[in-house]
Every structure is written in C-alpha cells, then in structure tokens.
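A.B. asks: sequence first, then the predicted structure:
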Amino acid sequence: MKLRYWLRPTLWLIPMTVGLLLGACHRAEPLPFRLTNVTGHMPKLEFTLTNDEGKTVSASDYRGKVVLLYFGYTHCPDVCPLTLAHLHVVMQRLGKLAEGARILFVTVDPGRDTPSVLHGYVKAFDSHAIGLTGSPRDIEALVKRYRASFTREPSSSDGNYEVSHSSAIYVFDRLGNPRVLSTPADSQDDLVHDLHLLLSHGASR
Amino acid sequence: MKFRTVPCLLLAGVLLAGGAHADEAAHITASHGWIRILPGNLPAGAYVTLTNHGDKPAVLQGASSPAYGEVMLHKSSTEGGVSRMSMVKALNVPAHGTVRLAPGGYHLMLMKAGHPIEPGNFVRMTLRFRDGSHLVSNFIARPANAVDAGD
C-alpha cells in the first residue's frame, strides 16, 4: 500500500512523457544556430537578376541550395575580397557538403560590374560563387528587401569612386527562407557550424 | 678632374644631409608584405607588417611602386553594419612598436598596374615616411582568395 501511494502522484508523468515524445516526432526542434537567427524575421529570397554568364536568373533557380547572399562590388580592394576569401575557406572546410551551397555576390555597382567582370572576379575566389547584376532599380529592391544599404561615395579626379555597403552575409535554407545572419565580427567556426546544420538536413528544415 | 669632383661633392653632401635628417625608415623593418591579385585591372590591396626598432615614432605617409600607376594608403572600417573605405594621410608606427596593415583595416590600394602581375611574382614597394626617408620592400603577389602572405 505504501508503494502505491508513493507511485500515484508520479503516474501522470507517463502519458506526459509519451506525449512529448510523439510531439517531438511531429514538430522538429529549432536548429541550434550559433549566428544571429533571423528565421521568420525577413522575407523569403526573391529576385530576378542577370548572372555572370549573362543569363536572367531568379531566386527559384537556387531553390534546393543553401544560399549565402552578399552585397559588394569588384572595385573594392579590401573588404569584399576578404569576405569572399573567407567564404572560400568556409567552402573548403565544408568539403563535399559545399556542393549544396551557393555564394551569391550581388553587385551594388552595376555601372562598372558587367557580367564578364563579375565572372572573372567571383571565379577567382570560389567555384561555388555566382556574380549577379541587374538594373539599379532591381538591385536596390533586393538591398531594401533585406534592410541592407549602399551609398556611392563622391568620385575622385580620375573618376574612380568607392561604394559603402552592408557587410553582412545572409544565409537562406534550401527553400529560400532566411535563417541566419553572419557579420564580420562573427567567427568563421560559427558560420561553418550553422552551414553544416542547414546542409546536412533535408529540404524541409 | 675638378669638373667631376664638384658634382660628386655636391651629391655626397645631399646624401649626407638626407641621412642626417631622414632616418625614420632606417629603424623600420617590413615583413610579410603581400598583394592580393584580382583579375583584370581591378584595384588590389597590399599588406605588410611594420616594426619600429627605434626610440622615436615613425609615420608612414604613403607608398609607390614601379608596377602600379597609383598607390594610396587607406583604411577599411565597418560601423553600424556598413563597410567603407577612407584615405589615410599618416599612420603612426610607435617607438619599439609594430603596426600591421592587414585585410579589413589599414592597407595600400594599388591601382593602374603597368602590366599583369601573376601570383608568385615579387613587386617592389617603396614606403614613404614623414621625414622623407624611404624603405624599399618586396611584396609577394598572392591569389585573390589568399588570406595572408602564405609565409
């Protein structure tokens, strides 16, 4: 009798545990990202631009791939190459998983960055990188969609100019949903970690 | 003989005067100099570590190279999520201190390459200090996706 009294209050734990286990099967736990999680806080990847081979492409062409979106320009001698060189190392660290990823380098300087200039530039960094250009209006729309920004600085006497631009890398899952944001202050290890999570799970996550 | 001696003496005098006043560069060593080569004629970034062995600060004011039409001292910065570049007129190398020109910070922007430069080539750079002294250093050309001098 003593034992039964002792057991009774704990009996409700059994259905609850079973319920939790069943629930876990239906609804996946959120992925344990290390970078800033932006899931549900930004719109899905949507654009129509021109790729570095001169073809019109849209976001749907990259569904099924984990996309790393970065805004930059080729006349940027320091920060953009640094970012792309780091992404090249990240791709190398991912090994075969990198086949499921694409780096989309969207120029904020369409006046100088033609598809052929972009092609030579991105391929000098990584085989998974694609350069995208388009009309100033289409580029601005994409920049605004992700609350990014860019400003063309005044030209020097020889007509050269710099473009200040957002430094973040936006990471989208295979369905085009924004998932994490990587900034220059974040570690490369964290980006590799989060990409690993996205690349090693199925399309639904 | 006399006609030859006079210009020689003048030259020696100029060199001596230069040596007496211009000595910031004499106390600086440059190491790990490299250039990130980008395709086409795009501007490239150059990086180097400067160590001042002297008792006085040295001030880097610019650089030049026979391989490039224009070299500028710049600094990249990221504030409020935005990356931008600014011109730098003077970069202080403290006495017995080290300053690194490295990706994402201080760098030399190289423009108008006279001829294509291949990774693995060495490029002569002349660093110019405030007192007019110069330091010549060879920078190694590295591929676009390099992250450092590779040494």
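C.D. replies: Ah, there it is. For clarity, every value in this text was computed on a predicted model and none was experimentally measured.
A.B. asks: any residues of chain A in contact with chain B? List them.
C.D. replies: For chain A, the residues in contact with chain B (C-beta under 8 Å from any C-beta of the partner chain) are A:74-79, A:81-82, A:84-86, A:88-89, A:117, A:120-121, A:124-126, A:149, A:151, A:153, A:160, A:162, A:164-168, A:183-184. All C-beta atoms are positioned from the backbone trio N, CA, C, and that covers glycine.
A.B. asks: show me the helices in the chain, by range?
C.D. replies: Just going to use chain A. A:2-7, A:13-26, A:79-94, A:115-123, A:136-145, A:188-200 (DSSP state H).
A.B. asks: ah, no, chain B please
C.D. replies: Under DSSP H, chain B gives helices at B:2-21.
A.B. asks: would you mind listing what in it touches chain A?
C.D. replies: B:36, B:38-40, B:42-45, B:74, B:76, B:78, B:81-85, B:103-104, B:107, B:109-111, B:143-147.
A.B. asks: of those, just the buried ones, PyMOL syntax please.
C.D. replies: In PyMOL syntax, the buried subset of the residues of chain B next to chain A is picked out as below (16 or more other C-beta atoms under 10 Å in any protein chain shown):
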select buried, chain B and resi 36+38+39+42+43+44+45+74+76+78+81+82+83+84+85+103+104+107+109+110+111+143+144+145+146
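A.B. asks: out of the residues of chain A next to chain B, which are buried?
C.D. replies: A:74-79, A:81-82, A:84-86, A:88, A:117, A:120-121, A:124-126, A:149, A:160, A:162, A:164-168, A:184.
A.B. asks: pLDDT below threshold where in chain B?
C.D. replies: Residues of chain B that meet the criterion pLDDT under 70 lie in B:1-22.
A.B. asks: center of chain B - which residue?
C.D. replies: B:Leu127 (3.4 Å; C-alpha atoms, centre = their mean).
A.B. asks: for chain B, which segments are assigned as strands?
C.D. replies: In order along the chain, chain B carries the following strands (DSSP state E): B:28-36, B:44-52, B:58-64, B:68-79, B:82-87, B:91-93, B:98-101, B:106-113, B:122-129, B:134-142.
A.B. asks: which secondary structure element of chain A has the lowest mean pLDDT?
C.D. replies: Ranked by mean pLDDT, DSSP states H and E, the weakest helix or strand in chain A is helix A:13-26, scoring a mean of 49.
A.B. asks: flag every buried residue along stretch B:98-117.
C.D. replies: Taking 16+ other C-beta under 10 Å as the criterion, stretch B:98-117 shows B:99, B:101-111, B:113, B:117 as buried.
A.B. asks: apart from its neighbours in sequence, what residue is nearest the residue most central in space within chain A?
C.D. replies: Centroid-nearest residue in chain A: A:Val171, 1.5 Å away (criterion: C-alpha atoms, centre = their mean). Closest residue to A:Val171 apart from its sequence neighbours, by C-beta to C-beta, 6 or more residues apart in numbering or on different chains: A:Val180 at 4.7 Å.
A.B. asks: for that neighbour, what are its contacts?
C.D. replies: A:33, A:35-39, A:171, A:194 (C-beta atoms under 8 Å, 6 or more residues apart in numbering or on different chains).
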